[in-house]
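J.: Take this sequence and fold it.
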Amino acid sequence: MSSTALPAPGPTAARRDATTIGLIGLAHGTSHFHHLLLPPLFPSFIRDFGLSYAELGLLVSVFFVISGIGQALAGFVVDRIGARPVLWAAMVCFVLSSLAAATAQGYGGLMLAAALAGLGNAPFHPADFTILNQRVSPARLGHAYSVHGISGNLGWAAAPVFLIGLQGALGDWRWAYLVAAVLTAGVLGVLLWQRDAMADRPKGHDVPPTPEAPATEHPLAFLRLPSVWLCFSFFFWTTAALSAIQSFASPALSALYGLPLTATAFVVTGYMLFGAVGMVLGGFLVARVQRLERLIAAAMALAVVLLWVVSTGWTGGHAAVILASLAGFGTGLAGPSRDMLIRQAAPPGATGRVYGTVYSALDIGFAVSAPVFGALIDHGWHAEVFQGAALLLVLGMGSAALVGRRIPRG
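T.: Numbering: from 1, shown residues only. Sure, this is the predicted structure:
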């Protein structure tokens with residue numbers, strides 16, 4: 001073992017790690033909440049503004065096109081000026097997006113809300129993972145990735161409950177968005193208050209910062225690595241599948257099984273909560289499994305089978321809701337291994353750029369998938385929503401396998 005090996009992390013390091021992980025988790029959950037700022041209230045927009053599902057799907061596309069382009073660019077900004085100020089600016093955009101939704105008078109106002117939310121979402125993954133990789137002790141990185149993924153799932157799970165619940169309690173969806181703006185401003189206040197725990201170039205920390213790439217290497221040199229683009233393709237396929245579930249599982253289940261939308265509206269919440277459970281287990285497994293791509297394949301295969309069963313109509317309606325929710329466990333279990341696989345594929349000194357580029361595929365997957373699956377719903381092809389999601393997950397399993405083959409094994 002090298003003489004420069006790190007000492008075992010002590011209680012002080014554990015508390016410091018926990019604080020950083022908690023703050024990043026809070027911020028990440030807020031960003032995922034804003035992924036679903038608009039979709040839970042699609043039925044209200046149809047009622048009030050006379051929009052179609054394809055038009056509403058385009059709102060999702062606008063969010064993710066802006067986020068995807070911005071995310072790839074944000075990685076370079078994060079590597080240059082640091083992650084913390086970029087993260088604060090993103091939170092301001094989320095506050096503005098909620099206010100725009102609250103004051104929307106038609107499709108244009110909703111489009112503005114989607115664009116502001118996409119701009120806020122852009123820097124999150126390069127900023128989050130830069131802070132975690134530089135501040136958190138290596139022994140706890142698997143758990144950090146797990147909490148990061150869980151917080152995102154909880155943000156997704158909270159959005160439908162929060163927005164639909166407040167709309168019902170207050171009688172108007174505009175009030176739900178005003179409350180969302182206030183709470184997001186509160187999260188920003190917490191991040192500013194605890195700013196020292198989020199510095200991605202800390203002084204005197206046990207974990208040394210990631211070594212910088214050689215000065216002679218071009219900033220875009222990482223784009224020549226096949227593993228980066230395989231990770232990109234993995235995110236594209238799996239996110240396109242997730243988009244189908246998030247935005248259209250509820251109306252598809254309602255049509256397939258004759259259930260009221262009130263019975264299927266919270267399938268996304270169930271999917272995300274089971275995903276969170278999978279991520280907890282995945283955080284422990286990531287440090288114990290050498291071939292991460294095999295764990296990813298096994299976990300996602302479970303989700304594929306469950307979604308395909310739901311598409312057949314063989315089960316009862318309530319059983320189908322449960323099975324669709326359980327599919328989230330498989331995708332959640334794969335989450336921490338996925339993030340560690342990207343870390344292994346990233347060259348030194350390019351953390352922000354690699355995460356920004358790879359995670360931009362998440363945004364592109366959402367942008368492309370939403371209008372396609374929205375059109376399926378408009379044409380009455382409800383089973384194909386779940387079959388298409390299952391097929392996309394199979395393609396993601398293939399990408400993960402190819403990434404694993406290109407990573408050197410010690």
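
J.: is it true that residue 157 touches residue 276?
T.: Yes - Residue 157 sits in contact with residue 276 when judged by CB atoms under 8 Å, with a separation of 7.4 Å. From N, CA and C alone the C-beta is placed, and that goes for glycine too.

J.: Can you spell out which helices and strands pack onto the one helix or strand in the chain whose mean pLDDT sits lowest?
T.: Of the helices and strands making up the chain, the lowest-confidence element is helix 261-264, at a mean of 74, by mean pLDDT, DSSP states H and E. Under the contact definition 3 or more CB pairs under 8 Å, 6 or more residues apart in numbering; DSSP states H and E, helix 261-264 sits against helix 226-257, helix 317-345.

J.: Could you list the buried residues of it?
T.: 263, 264 (16 or more other CB atoms under 10 Å).

J.: With stretch 186-199 instead?
T.: For stretch 186-199, burial by neighbour count (16+ other CB under 10 Å) applies to 187, 188, 191, 197, 198, 199.

J.: any idea how far residue 84 is from the fourth one?
T.: From residue 197 over to residue 84 the distance is 10 Å, taken as CB to CB, to the nearest Å.

J.: ok, and the closest non-adjacent residue to residue 72?
T.: By the measure of CB to CB, 6 or more residues apart in numbering, the closest residue to residue 72 outside its immediate chain neighbours is residue 360, 4.3 Å from it.

J.: In contact with that neighbour, which residues?
T.: For residue 360, the set of contacting residues under the criterion of CB atoms under 8 Å, 6 or more residues apart in numbering consists of 67, 68, 69, 71, 72, 232.

J.: ditto for residue 367
T.: Going by CB under 8 Å, 6+ apart, residue 367 touches 60, 61, 62, 63, 64, 65, 68.

J.: which ones are touching residue 41?
T.: 163, 164, 167, 173, 176.

J.: Out of those residues, the closest to residue 146 would be?
T.: For the contacts of residue 41, the residue nearest residue 146 by CB to CB is residue 163; the value is 26.5 Å.

J.: Which helix or which strand is home to the closest one?
T.: Element membership for residue 163, per DSSP states H and E: helix 141-170.

J.: buried ones in that helix?
T.: So, applying 16+ other CB under 10 Å, buried residues of helix 141-170: 141-160, 162-164, 166-167.

J.: what separates that helix from the chain centre, distance-wise?
T.: Between the mean C-alpha point of helix 141-170 and the mean C-alpha point of its chain there is a distance of 11 Å (CA atoms, centre = their mean, to the nearest Å).

J.: for the very next helix or strand once past it, packing partners?
T.: Next along the chain after helix 141-170, taking DSSP H and E as the criterion, comes helix 173-193. For helix 173-193, the elements it packs on are helix 11-35, helix 83-102, helix 141-170, judged by 3+ CB pairs under 8 Å, 6+ apart.

J.: Just want the angle from helix 173-193 to helix 83-102.
T.: What separates the directions of helix 173-193 and helix 83-102 is an angle of 170 degrees, with axes from the mean of the first three to the mean of the last three CA atoms, to 10 degrees.

J.: just the angle between helix 173-193 and helix 141-170, please?
T.: Going by the same axes, to 10 degrees, helix 173-193 makes 150 degrees with helix 141-170.

J.: which residues does residue 361 contact?
T.: By CB under 8 Å, 6+ apart, residue 361 lies in contact with 68, 231, 232, 233, 234, 235, 236, 239.

J.: you'd agree the second one is up against residue 356?
T.: No - if you go by CB under 8 Å, residue 231 and residue 356 don't touch, sitting 11.9 Å apart.

J.: before we move on, the earlier item: closest to residue 33 among the contacts of residue 361?
T.: Looking across these and measuring by CB to CB, the closest to residue 33 is residue 239, at 17.1 Å.
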